[in-house]
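Peer 1: Just to be clear, the model below is a prediction. Sequence and coordinates:
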Amino acid sequence: MSAGNDVLIQTKDLTKTYEMGEHQEVRALCEVTLTIRRNEYVAIMGPSGSGKSTLMNLIGCLDTPTSGEYTLDGRLISALTENELADIRNHEIGFVFQVFNLLPRATAFHNVELPLIYKGTKKKEREERTRRAMEMVEMADRMHHRPNELSGGERQRVAIARALVNEPSLLLADEPTGNLDSKTGQEILKLFRKLRERGNTIILVTHDKDIALETERIISIRDGRIEKDERKGASK
């Protein structure tokens, strides 16, 4: 982390083209240039097919651009190898998905602990960090329960704790309330606000305007381009 540098994400002319056949290309993302600072709470919004999922995959290092540059925390991501990208995903980015992806036979504690086991973190530190992550999402009293003993909202909290346990630079949430009822969804959004107040940088990918309005900045994508970039109380 560069001292005094408050820019976390920078893209320049980020473009992604898919080959659909011998003579056919689809440009899913077209010359997207944006800057996201540390501790921002941002929604990437757009209809199905707009390019928002492609942008999320590039920001999350799940895919690589056809052209353009992407810098995360001072590192030029678009120039990294597959192994280096995997390392960035494991250490710098916490993922929260619509599907909770919890191991059904493992306790909530063990589900949260798993990334640290894969990373080779020593047991004492692993347990301390797991407890801390579960306290952050208000699940300390449910850590020994298995997923089938938890509500949908509680399972999503466990998934968020798992995303936070590596203390990532960025929390990337893809339709995180999509499988939840509206009341539980509001509880998860309230938790995101609290995490943002703690200093987390959060990007929330959604097609839902009401959910996007919970954030401080909405980047609207249409036809692979940024259509609007609006902040609360201002627009550009």
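Peer 2: Looks like it arrived, so ask away. Numbering: from 1, shown residues only.

Peer 1: now the strands: where do they sit in the chain?
Peer 2: 7-21, 24-37, 41-45, 67-72, 75-76, 93-96, 170-174, 201-206, 217-222, 225-231, 234-235 (DSSP state E).

Peer 1: Show me how far the fourth one is from its chain's centre.
Peer 2: Here strand 67-72 shows a centroid-to-chain-centroid distance of 17 Å under the convention Cα atoms, centre = their mean, to the nearest Å.

Peer 1: List the buried residues for it?
Peer 2: 68, 70-72 (16 or more other Cβ atoms under 10 Å). All C-beta spots, glycine's among them, are computed from the backbone N, C-alpha and C.

Peer 1: Need those in JSON lines (columns: distance to R225 and pLDDT).
Peer 2: Shown next, in JSON lines, are the buried residues of strand 67-72 (distance: Cβ to Cβ, whole Å; pLDDT from 0 to 100):
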{"residue": "G68", "distance to R225": "13", "pLDDT": "94"}
{"residue": "Y70", "distance to R225": "16", "pLDDT": "94"}
{"residue": "T71", "distance to R225": "20", "pLDDT": "93"}
{"residue": "L72", "distance to R225": "21", "pLDDT": "93"}
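
Peer 1: got JSON lines for those residues, with distance to C61 too?
Peer 2: Shown next, in JSON lines, are these (distance: Cβ to Cβ, whole Å):
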{"residue": "G68", "distance to C61": "15"}
{"residue": "Y70", "distance to C61": "9"}
{"residue": "T71", "distance to C61": "12"}
{"residue": "L72", "distance to C61": "8"}
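
Peer 1: Between those residues, which sits nearest N179?
Peer 2: Distance to N179, by Cβ to Cβ, is smallest for L72 among the buried residues of strand 67-72, at 28.1 Å.

Peer 1: Quick one: residues contacting the spatially closest residue to the closest one that is not a sequence neighbour.
Peer 2: Sequence neighbours aside, I9 is the residue nearest to L72 in space, at 5.8 Å (criterion: Cβ to Cβ, 6 or more residues apart in numbering). By Cβ atoms under 8 Å, 6 or more residues apart in numbering, I9 lies in contact with 34-36, 59, 70-72, 170.

Peer 1: Quick one: low-confidence residue ranges for this protein.
Peer 2: 1-4, 233-236 (pLDDT under 70).

Peer 1: a markdown table please, covering the strands of the chain and showing distance to L103.
Peer 2: Output for the strands of the chain, formatted as a markdown table (distance: least, Cβ to Cβ, whole Å):
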| stretch | distance to L103 |
| --- | --- |
| strand 7-21 | 30 |
| strand 24-37 | 32 |
| strand 41-45 | 29 |
| strand 67-72 | 28 |
| strand 75-76 | 31 |
| strand 93-96 | 16 |
| strand 170-174 | 20 |
| strand 201-206 | 24 |
| strand 217-222 | 33 |
| strand 225-231 | 38 |
| strand 234-235 | 43 |
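
Peer 1: Please tell me how far the spatially most central residue of the chain sits from N5.
Peer 2: The residue lying closest to the centre of the chain (Cα atoms, centre = their mean) is L172, at 0.6 Å. To N5, L172 is 20 Å away according to Cβ to Cβ, to the nearest Å.
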